[in-house]
Structure formats: C-alpha cells, structure tokens
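**Student:** here is a sequence with its predicted model. Questions after.
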Amino acid sequence: MKASSLEAMVQKALEGHKLSTARLISIFEDTRADAPLRRRAVLDELDKYQTRRAKFIGITGTPGAGKSSLIGELALRLVAQDPHARVAVLAIDPSSHVSGGALLGDRTRTNFPVGESRLYFRSQASDLELGGVSRTTFPVCRLLDRLFDYVFVETVGVGQSEIEIQQVADFVFLVLTPLGGDQVQFLKAGIMEVPDAIVLNKCDAVEEARRSYHALRGSLSLSRPGEEDRVRIYKTSVTEQIGLDNVSSFILSLERDPLGRSMRRKELYFFGKWARDEFGRAGLRYLSSLGGAEALLEGQHFEHAQAAFREKVQEGIGSWLAEKS
Amino acid sequence: MSDEHQTERKAHLLYDKKTGEPTTDRPWIFRTYAGHSSARASNELYLSNLETGQTGLSIAFDLATQCGYSSDHPIALPEVGKVGVPINSLDDFHVLFDKIPLEKMNTSMTINGTSMWLLALYVALARERGIDESSLRGTTQNDLVKEYLARGTYIFPPDAHFRIIAEMYEYALERIPNWNASNICSYHLQEAGATPAQELSFALANAMEVLDLIKARGHFTDEQFEKVVGRISFFVNAGIRFVEEMCKMRAFTELWEEITRERYGVTNPRYRTFRYGVQVNSLGLTANQPENNAWRILIETLGVTLSRNARCRALQLPAWNEALSLPRPWDQQWSLRLQQIMAYETDLLEYPDLFDGSKVIESKVKELKEQAMAEIEKIRGMGGVRPAIESGYMKSSLVRSMSERVSRIASDELTVVGVNRWTDGLPSPLMGGEDGGIFKADDSAGNEALESLAATKAKRDPARVEKALAALTKAAQNKENMMEASIECALARVTTGEWADALRGVFGEYRPVTGIDGQKLLLENDRVEEIRARVERFIEANGHRPRIVVGKPGLDGHSNGAEVIAVSARHVGFDVVYSGIRLTVDEIIASAIEENADVIGISILSGSHLELTRQIMAALEASDAKGEIPVVLGGIIPDGDHAPLREMGIDDIFTPADYSLTDVMDRIMAVVEARAKA
C-alpha cells in the first residue's frame, strides 16, 4: 500500500466511504507477519484526527434466536435516534474444518437499507477458532473503534464459545427465544454466567414469554446469586415490533465502557491470545518469562508490541528453548 | 356384458367397459409451455398452436407477474416478457385470450405466488364477456412448496400462501367446479435434485398439508370434502432413469390411493385416482452436444406413457435446446410431434397395462413406496410441511441431493453422454442457421406491456380502484375469503403490483433459509486438493482467505446454480457470502463492497444477463469499485452474448457446458489471483 493512498483511504473512511472502510478492515484482518505494523500506520493516521470512539455491544445466543434481525432493528433505531451515529455490525460465522472455508451469515436478515452510509455490515469467519470470535476480531475492533459509534459483535453461541465475547465487547446481550424443555439443560451449561443482559426474542406469544421470563429469573438467581438483579431481561418481538425501543434506548444510554472493560484490559487479554495463536504454548511461556503482556504493552502500542515480541521470539526462542530443555 | 364374451377376452386387448368391445385408449393431453414477450404475441402463438392440434393452453407468465410486480417496478424491468407473458391488468387478459373461446378451453396457468389474482382475472374476463363462470376449466398451479424449495416465486410466508390455496379451493368447488385450484408439483423438486423417494414424499406430504388445512377450516361437508380430494392433481417430473421413473409413477398412484382411502376416508374410487400431468426432465438436458437431448426427451416420455395404470393425463415436453436458451416455435413443434407419433403412430394405446405381474417392477415399486413413507413420517413428525420448510429441513435435503448429483457427474461416477463420456463429436448442423439454433429474446418486448399498463392506469376509475383495494385488505385482515374481493379488483383494473402490495401489507414478505448451511460436496480428489493448496498459497501471499460474494439478482428464483457454486467455493476453501434469491443488484454490490470481496459471482438464468450486467457495472461505478472487484457470470448465456458481456467488464462466463466444478473453481481462482496481483 502506498503511503499517499493510505492517507486518502483513511480520510474517505472517516467520511463514511464504504469501499475505503472495507479495505481498511481488510488490513486489520491480514494474517501476515508484518501486518501489525501496517495496522499501526493506519491507526497513527487515524489518530491525527479527533475520531469517534465506539461502544462495543456483544450479541450472542443460539442459532435461530433471531440475532441478525434483532441487530438490524436495533441498528436502525440507533441511527434514527442519534442522527450523527454510525453503526457497524461484525458478524462471526464458523468455518469448515475440512476446507477452512466458511459460509458467512445471511446479511440480508438485518434488512439494512441499501445506500444508508451510516450502517455497515461485515462478516468474519471464525477461522477454526473455538472461542466464538476470530483471531482478527480484536484487531478489527481497534479500527472500528475509531470509525463508528456503535459496533455490534455477533457470535453464534454454542456452549463455551460465548466466554470470549466478554473480552471483546463492553456489554453483552444473550439472545434467547422463549424456552422449551431442552433449553433448560442448555442454560445449566454455564451460559448464564456470560450476559450482562438478556433479550428474550420472538416474544410473539404473551403467555409463553411470561413463563420464560420467570424461568430465566429463576435460573439467574441460582447461577449468579447476589447479581441476578443486575441482569436485565428484555422481551422483544421483531415481527410484532415489541420491546425494541427499550433495548435501543438502553444502548444509547450506555456510557463508553460501562463495566470497566477498558481497551487496556482487552489489549492484555488479546495480546496473550495472539502470542499463543502465533507461537503456541512455548510462546506463551516465553511471554511470561518476559514479564507477560503487561511488560510488553508498557509504553508501546499493541501493534508495536506484537512486532517487538515477534522479533524477540525469532531471535530468542531458539536459545531460550535450548537452555530450558 | 355376457359371460360368453368374457371367456373370449384376450389379455393383450383393451375392452370397452360399456360395450365389451375391444377398444383403444384416448391419448393424453398434449401441452406446450408457452407464452412470451407480450399479450398480443402470446395470443398469436396460442391461436397457431390450437390450429396445429394442441388440445389445451398452458400459459407461462413473466417473472414480474409471478412475483407480484407490475411491469414498471424497478426489479421487474429487466424481466418483463422474458420467460412468459406480462400481465398487469384485466385489459391484458382481454388481449391474451382474444378470439379464444374460454368456455371450450382447458387452460393451465403456471402461476403460484399470485395464483389467486390470475384466477380472479380469468373469472373477471368471463364475467365481462358474459360467459357462465361455472363453464371454465383449467388449473392454477398454485403450489408454494416447490416455490420455497426450488423455484422462488413465493411472496408471503407459508401460512398466508396456504390460506390462499385453501380459499381458492373453497371458491372453486362452489363456483367453478371444473377448476383445479392447485396442482401439487414435484416436477421442480427433481429439477432441484430430488431423488425419486424425495419427489414422492415431498409431493404427497404437500398434498396432505393442503387437505389437512382445508379439512381443519371446516368449510366443507364430508361429501364436498371428498370432491376436493378428487380435485387434487399433480405435476410430476420424469427423468432419464425411465424404468425407475415408471415405477415412481406406479408408486405415486398406489400411495395416493392408500392415503385418500385410509387417511381421508374417500369412498368414491373416482376421487382416489392419482391424476397427473408431466413435464419431462430439463435438469439432465445438456448444453454439450445438445442434439442428444432429443433422444433423452423421447426416453423420458416412455417412463410416463408406457404403463397404462400410471400413464399421465397431460404431457408437455421441453425442447432439445433448453440448456441453451428458451425454445423457438420450431423447437416446440418438434417436441409436440414426438407426442403425436407416440400416441397415433405406435400401438401403445391399444394395450392394457404392460407391467402388471412383473416381479421386478412390483419389487421396485414396493421399495420406493417404503422409502417415501418413511420420509413422509419424518416430515409429519416435524409438524408437517410448513415447519419443515421454515426450519430449512426440506431445502437442505434437496441441496444435499443436488450436491451429490453434481459430485457424481464430476467424479465420472454418473455417465452423461457428451458431457463426461464420448465428448468428442462432430459439429451439430442443428446449431446452424441465422439464429445459431437458439431463441433470441426481443429486448423491446417489455414496451408493449408498459404502454398497456400506462393506458389502463389512465382510463380507470381511481375511486373504484381504491375501494376495491381497501376491500381486499379488509378481507385479508379479517380472514375472509379474498377471491370475490380480488375479482372486484380485477374488474376495477387494479394492477398486479397493487394487488400483491395490498396483501404484502397484511402478510409481510418471506425470506427463507438458503439451505446451503452445513452442506458439502462429496468430491475429494487430487484436483480438489490442488485448488485447496492454491487457496492456501493465496492466503500466505495475501494474508486473507479468498472471499466470494455469490449473488442471484432480480426475480429469477432458479437457485441451484448459485447454491452449487456457493457450496463448491466453500469446499475448496473460499469464504462465501450468499444471501439467497430475489435481491436487487444494488444489494448484492453493497455486500461485495462492505465485505471487500475478492470476486463477485452472479447467476442468471432468465435471459436478462445483458441488462443486469449493465446494472452491476453501474452500481460498482457508483461506489468507486468498477474494475476493483472482478465479476464472473454463470447461467444460460448464449455464446453470442459473451463478447459484449466481457466488453462491459465481466471477467469470466460459465454456462451449462462448464459442468466440471473443479474447472469452474480453477477459473474463479485464476480471476482472484489476477486481481490480487494487479
């Protein structure tokens, strides 16, 4: 990428130009070894401007719970209620374990009007990660942080994989449909630990919704004693247009980083994860021998720390391994 | 008849039930699926077909009419008059049926999402001509299951469409007793890859869903309900495995007899007859050595005519060049002649059933019946056809069957002559002539429809239109039968788009699951590995997995091609964005841009590739992405159009001749690599 075109691209992306935004995102999805420094160049360029800062809203839940259409409704409300807001959706779908390819989500379910420059939808493949978020999710969030006001991060919830969305999102909604018997089992599997709030979606039938609401309250008091009142439960229906305004107003009212999940904290977590993805368990042990992510991130940007660590590993890991073994 | 006569009876002769004399059967109804460009041109075609000995009308509507849009809607414009006749209002029907005596016609309309509207127009036409509507005969296809699964011209969610079907039965039985309000189609399921057992089970489960609903609505007495059962007719496919197909037909006949007797308690045997029409298979017709298709059509015809007990009531044949373009009148005539030779030159119609008592046939039929019943049980266990559609179960089953089929052709396990064996042949003289052996759509076809639409709007009474639409909306909301309100709309010169919009407002529009989730090809060989290795090298060099947006713009709902490409691309390691049918070009291009796709793959079978490509390039241009994201096209695209399409900026073009998925993926990969280097 030429430097001049980078400047132009950043400027256009700040104005909401979609192709430029798309290309910048691709830089943050780049898996090549030298990509972090190119990302830093983009961020440095962006940091010349007084940019937006995003709130990251995690949306997780079972397949078929209606997450995409719910996000669509919420995003439309956010841009309607806040005339300056820009909203991005980052939807993560599972990859095939055979070919590595993924079928990326049905973006049309969000029903975004074509030509609405303040709404942006991007799919990501989980890329064989079990964590529900891809290894490029966090880097991309660092970019989106500066280009949008609200970023929805959507993952398909299957058991343990919800945990990681807490690391990337400032606030996590668990989306459920009114519960059937088999889903009670599912709730026991620890999923109740995850959400900061619950959306009971597809509440078209009043009685069923009411019963599910109370069942959920019950589960919460068992799985998160003392905390259960903190977790709000919203009842919504996209088809009947019920309850959606409550959720969007709540999102609008959120402070940035409402639960103290600072970017710093996210960096620490994802630096460790990155080190392990790239260099395995030995890499992780080496990182801790250097004082951990805290030491590396001290006084330098995430991307520079990545480059520095890679360099250290390349020159040092051989001799270090030789010493230890 | 006397005992004396019976002793003389010969097993190979047919005897007249009344006179006891030897007799022969009457032939089936010969149909030609026809209609194009404009009401006027279609009318001329019908009149000339009726003269050549055709015995029924079969009307093809254009996609706009089928999907509930008037010709002037932006999504309709590229499609007006392409695959059938555009009908915007009753004025167009007056032209379409000019000089055709409705009361003597058996009119079959291939119409589904807007079936109630077209029937309302037909009744309104009869009323304006002073014809007794009870004399009308014919069929509205009106089968939404295959629309959700294979053909794509649904508008509303399943519950709404099923309600419309039930209301049409209720209206028809009382007012137009010789009208088949719907026709259960398994034809399109086979085109989408259904196995014989799937074709049997999906069609029968569908018929049961319709009947159960009608019964539950409680509109009919038991006696009337029997008649409704008797009006259920089927439209079936017949493929190249003609012995199995004949057994499938016998299985259909036997299963329907059992279901109507046991499940619905139908006592009159007449109402338990499996009545069916056929179009033989188009899926197996090849673009390579297309002249071979003439033999395929003949052989497929055998499957539905040989066995007297399971012989079709009506037959329409595709044309030899169907994989290349829409048929020309001569192509249709050639297929019609096949039927005439079969019925009038051969001795086929002189015999009773040729296969009664055959152990082989009996055993095969039994096996098909068992497989079908097991599948029917499964679907009913899911709560019936509607839940099995909404959950994506039926669609996924078909996509899987189709993927298996293409995998087997690609791995040469399935022989297709001229495609994967005996591929070297002499050039076909049939492809000569000025038109190159194919039909060329008249690009000005839509103008007449637009003019007539404007004329209708100018002269109608707006107050009557408004009142009629309000009454329709009210009937829809209050769950009243919408037929009479629709007929009043027709008489008031409401347009097709207005009628559908009123109901969209009440029922909403439906977007079904694409069915490609979790699908894989059964194709693992060195070439697949080679492409995957190429994908890995691409990732290493470019830092991301190649990403394709597969798009199906416009109203054409034949999504097999797009689905197979989406599944194949993922199979070799692409990340794939595919959002199903009926998207606008702008929507597809917006996805490709936001997703920063490496390539856009567009599938078009309706013949609108030139217009749609113009739109695609304009949309890319408007987003500064022209030349930035390469575009490839797939579909029935005549050779002559390739050069202009490439001129407009298309990077590669795939037609049915490119049957090898690995070749297709190879070429798409080459386009992606070229873009990355640029």
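**Tutor:** Here it is on my side, so go on.

**Student:** quick check: closest non-adjacent residue to residue 212.
**Tutor:** In the absence of a named chain, chain A is used. residue A:178 (4.1 Å; Cβ to Cβ, 6 or more residues apart in numbering or on different chains). Yep, even glycine has a C-beta here, placed from its N, CA and C like the rest.

**Student:** could you do chain B instead?
**Tutor:** residue B:384 (7.4 Å).

**Student:** just to check, that neighbour is in contact with residue B:210?
**Tutor:** No. Residue B:384 is not in contact with residue B:210 according to Cβ atoms under 8 Å; the separation is 10.6 Å.

**Student:** between these two, which one's more packed in?
**Tutor:** residue B:210 (23 against 17; other Cβ atoms under 10 Å in any protein chain shown).

**Student:** pLDDT at that one, what is it?
**Tutor:** Residue B:210 carries a pLDDT value of 96.

**Student:** tell me which helix or strand the residue of the stretch 201-325 of chain A found nearest chain B sits in.
**Tutor:** Nearest residue of the stretch 201-325 of chain A to chain B, counting by Cβ to the nearest Cβ: residue A:239, 7.6 Å away. Residue A:239 belongs to no helix or strand when assigned by DSSP states H and E.

**Student:** contacting residues around the residue in the stretch 51-200 of chain B positioned nearest to chain A?
**Tutor:** Minimum separation of the stretch 51-200 of chain B from chain A (Cβ to the nearest Cβ) falls at residue B:157, amounting to 9.6 Å. By Cβ atoms under 8 Å, 6 or more residues apart in numbering or on different chains, the contact set of residue B:157 is B:507, B:508, B:510.

**Student:** let's see 6 Å
**Tutor:** Residues near residue B:157 by Cβ atoms under 6 Å, 6 or more residues apart in numbering or on different chains: residue B:510.

**Student:** give me phi/psi at it?
**Tutor:** phi -70, psi 160 (degrees, to the nearest 10).

**Student:** residue B:571 and residue B:519 touch, don't they?
**Tutor:** No. At 8.9 Å, residue B:571 does not count as touching residue B:519 under the criterion of Cβ atoms under 6 Å.

**Student:** more neighbours, the two?
**Tutor:** residue B:571 (27 against 20).

**Student:** confidence score at that one?
**Tutor:** 91.

**Student:** could you do residue A:317 as well?
**Tutor:** Reading off the model, residue A:317 has pLDDT 63.

**Student:** which residues does the residue nearest to residue B:264 when sequence neighbours are not counted contact?
**Tutor:** Setting aside the residues directly before and after it, residue B:264 is nearest to residue B:229 in space (Cβ to Cβ, 6+ apart), at 5.4 Å. By Cβ under 6 Å, 6+ apart, the residues touching residue B:229 are B:260, B:264, B:266, B:271.

**Student:** residue A:237 too?
**Tutor:** Per Cβ under 6 Å, 6+ apart, neighbours of residue A:237: A:203, A:204.

**Student:** circling back: which two of the contacts of residue B:229 have the greatest separation?
**Tutor:** B:264 and B:271 (9.0 Å; Cβ to Cβ).

**Student:** ok, back up a step: tell me which of the contacts of residue B:229 fall in strands.
**Tutor:** Among these, no member falls in strands (criterion: DSSP state E).

**Student:** by neighbours, which of the residues you listed wins?
**Tutor:** These, ranked by neighbours (other Cβ under 10 Å): first place residue B:260, 25 neighbours.

**Student:** remind me which residues of the chain are low pLDDT?
**Tutor:** This is for chain A. Low-confidence segments of chain A (pLDDT under 70): A:1-4, A:97, A:128-131, A:157-162, A:180-190, A:317-318, A:320-322, A:324-325.

**Student:** meant chain B, my bad for not saying
**Tutor:** B:1-8, B:33-36, B:55, B:438-445, B:518.

**Student:** for it, which residues are neighbours of chain A?
**Tutor:** B:517, B:543-544, B:570-571, B:573-577, B:579, B:586-587, B:590-591, B:593-594, B:596, B:623-625 (Cβ under 6 Å from any Cβ of the partner chain).

**Student:** and the residue of the stretch 201-325 of chain A closest to chain B, how many neighbours?
**Tutor:** 12.

**Student:** cool, and residue B:345?
**Tutor:** As a measure of burial, residue B:345 has 8 neighbours, counting by other Cβ under 10 Å.

**Student:** if I look at it, how far off is residue B:337?
**Tutor:** In this view, residue B:345 and residue B:337 are 10 Å apart by Cβ to Cβ, to the nearest Å.

**Student:** for residue B:455, same thing?
**Tutor:** Going from residue B:455 to residue B:337 by Cβ to Cβ gives 40 Å.

**Student:** now swap in residue B:586 and tell me
**Tutor:** 46 Å.

**Student:** looking at those two, which is more packed in?
**Tutor:** Higher neighbour count among residue B:586 and residue B:337: residue B:586, with 18 against 14, using other Cβ under 10 Å.

**Student:** wait, is that one part of a strand?
**Tutor:** No. Assignment of residue B:586 by DSSP: H, G, I helix; E, B strand; the rest coil gives helix, placing it outside any strand.

**Student:** in contact with it: list those residues for me.
**Tutor:** A:114, B:619.

**Student:** try 10 Å this time
**Tutor:** Contacts here follow Cβ atoms under 10 Å, 6 or more residues apart in numbering or on different chains; on that basis residue B:586 touches A:114, A:115, B:74, B:553, B:615, B:616, B:618, B:619, B:622, B:623.

**Student:** out of the residues you listed, which are buried?
**Tutor:** B:553, B:615, B:616, B:619, B:623 (16 or more other Cβ atoms under 10 Å in any protein chain shown).

**Student:** list the ones among these that fall in helices.
**Tutor:** B:615, B:616, B:619 (DSSP state H).

**Student:** distance check, the first one against residue B:511.
**Tutor:** To residue B:511, residue B:615 is 21 Å away according to Cβ to Cβ.

**Student:** next: the second one.
**Tutor:** Look at residue B:616 and residue B:511: by Cβ to Cβ, they are 22 Å apart.

**Student:** coming back round to it: tabulate the buried ones among the contacts of residue B:586 (a markdown table), appending distance to residue B:641.
**Tutor:** Shown next, in a markdown table, are the buried ones among the contacts of residue B:586 (distance: Cβ to Cβ, whole Å):
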| residue | distance to residue B:641 |
| --- | --- |
| B:553 | 16 |
| B:615 | 15 |
| B:616 | 14 |
| B:619 | 20 |
| B:623 | 25 |
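
**Student:** give me the neighbour count for residue B:129.
**Tutor:** 12.

**Student:** what sits against the nearest residue to it once chain neighbours are set aside?
**Tutor:** Distances taken as Cβ to Cβ, 6+ apart put residue B:102 closest to residue B:129, at 6.9 Å, once the chain neighbours are dropped. With contact taken as Cβ under 10 Å, 6+ apart, residue B:102 is in contact with B:57, B:122, B:125, B:126, B:129, B:131, B:133, B:135, B:136, B:137, B:138.

**Student:** about what we covered before: common neighbours of residue B:264 and residue B:271, please.
**Tutor:** B:225, B:226, B:228, B:229, B:232.

**Student:** quick one: the first one and residue B:263 touch, right?
**Tutor:** No. Contact criterion Cβ atoms under 10 Å: residue B:225 and residue B:263 do not qualify, at 12.0 Å.

**Student:** neighbour count for these two, which is higher?
**Tutor:** Taking other Cβ under 10 Å, residue B:225 and residue B:263 do not tie; residue B:225 has more neighbours (21 against 12).
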